[in-house]
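# any chance you can model this:
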Amino acid sequence: MTIKRRKFVKFLGLAGLSSQIPVLPVQAKLYSNTIIKPPRLKVGDTVGLISPAGIIEPQDIEVAKKALLTLGLKVKLGVHILDSYGYLAGKDIDRATDVNAMFGDRSVKAIITMRGGWGCNRILPLINYSLIRSHPKIFMGYSDITSLLLAIYARSGLITFHGPVATSTWNEFSVDYVKRILFNAEVVTMTNTLTTEIGRKIITPGKAKGKLVGGNLSVLSAMLGSSYLPSWQDSILFVEEIGEDIYRVDRMLTQLKNAGIFNQIVGFVFGKCTNCSLGDQPSLTLAQVLKDHIQPLGIPAWYGSMIGHIKDKFTVPVGVDVEIDAENGTLRMLETAVR
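This is a model prediction of the structure:
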């Protein structure tokens, strides 16, 4: 057998092997600028709880049930909610199955994720986006759940919600925004409390209108180059972060800039950078990093909105039209997020 033939036979063997591995083709977007609003929540509705990212403990479910029962909601658990696979809450296919099953379950009116962590990016190719579009319902979480919030919005056209996970602190402030936006279908202006106003910094003053899109900065930057991100054209970008040295925040913002996102947005809001440190080396401050990246854009922008890994948090609808006011630090919804 000649060398060329041996290589050819070897190639055929590899090709035969690869043909046994399922390949999921990149899908086109399933909607054409048609945004779907999920039905609002009502007292007595059933909420589905799932763990699409990190592991949870049985006591976490009890805490979540207590918070949701206080809101007059019933709870249905995902089949694989207590699964574990290393640092993940179960195998990819099982976590994705729980997402799809909850959307397909007509008795479930909203889906709330248990916690973040890591793992949602892994299941994006396994989500049934056409099913979601035909069975729209409230889907909420934050942190690593950013992956699902953005992918579902981009591929199904469904407005999603960057808000409390089931294991969050369901205090008076956070619950108030959940009720007003998800239950009452109000058009809300999100304003910091007096105590959190101290940490708010204007990057560039002014007002801007656009579709509100964003989430956790590190998760968002890890999604770049995939087919699971929405259009950024004329949008308002919001981000938040936790536990990152400032140079890493700089690196991730640079990645968004180099990907061309900053050239398309009309407004920018940084929520909280919780426990973000200068590190052990000489460092820029967060204010300097934001000034370097955002101020040259000449768009309304500020830091310190009540979005992120904090006790008091807004419920932020992904995909709704809003107007931001950088000088006053407000996010004003221009439409309802539910119907």
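# and the closest residue to Asn100 other than its chain neighbours, what does it touch?
In space, not counting the residues next to it along the chain, Asn100 is nearest to Asn128; the distance is 4.7 Å by C-beta to C-beta, 6 or more residues apart in numbering. From N, CA and C alone the C-beta is placed, and that goes for glycine too. Contacts for Asn128 (C-beta atoms under 8 Å, 6 or more residues apart in numbering) come out as Asn100, Phe103, Gly104.
# tell me which element the second one falls in.
Take DSSP states H and E as the rule and Phe103 turns out to sit in helix 92-104.
# care to break this structure down by domain?
Here the domain assignment for the chain is 46-170, 189-333, based on the TED database.
# nearest to Val178, of those domains?
Each of the domains of the chain has some distance to Val178 by C-beta to C-beta; the shortest is domain 189-333, at 5.3 Å.
# how far does the closest one stretch from start to finish?
With C-alpha to C-alpha, to the nearest Å as the measure, the first residue of domain 189-333 is 6 Å from its last.
# which parts of this protein are helices?
3-18, 58-70, 92-104, 120-123, 129-134, 146-156, 172-178, 217-223, 246-258, 286-294 (DSSP state H).
# how about the strands in the chain?
Counting by DSSP state E, the segments of the chain that form strands are 46-50, 74-77, 108-113, 138-141, 160-162, 189-191, 201-204, 207-216, 235-242, 267-274, 301-303, 316-318, 321-325, 330-333.
# turn these into a markdown table, columns for distance to Ile61 and mean pLDDT.
As requested, these are arranged in a markdown table below (distance: least, C-beta to C-beta, whole Å; pLDDT from 0 to 100):
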| stretch | distance to Ile61 | mean pLDDT |
| --- | --- | --- |
| strand 46-50 | 7 | 98 |
| strand 74-77 | 7 | 98 |
| strand 108-113 | 12 | 98 |
| strand 138-141 | 15 | 98 |
| strand 160-162 | 21 | 98 |
| strand 189-191 | 29 | 97 |
| strand 201-204 | 39 | 97 |
| strand 207-216 | 24 | 98 |
| strand 235-242 | 23 | 98 |
| strand 267-274 | 25 | 97 |
| strand 301-303 | 35 | 97 |
| strand 316-318 | 25 | 98 |
| strand 321-325 | 34 | 98 |
| strand 330-333 | 32 | 98 |
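# circling back: pick the most buried one from the helices of the chain.
Per-residue neighbour counts averaged over each of the helices of the chain give the maximum for helix 146-156, namely a mean of 26 (mean count of other C-beta atoms under 10 Å).
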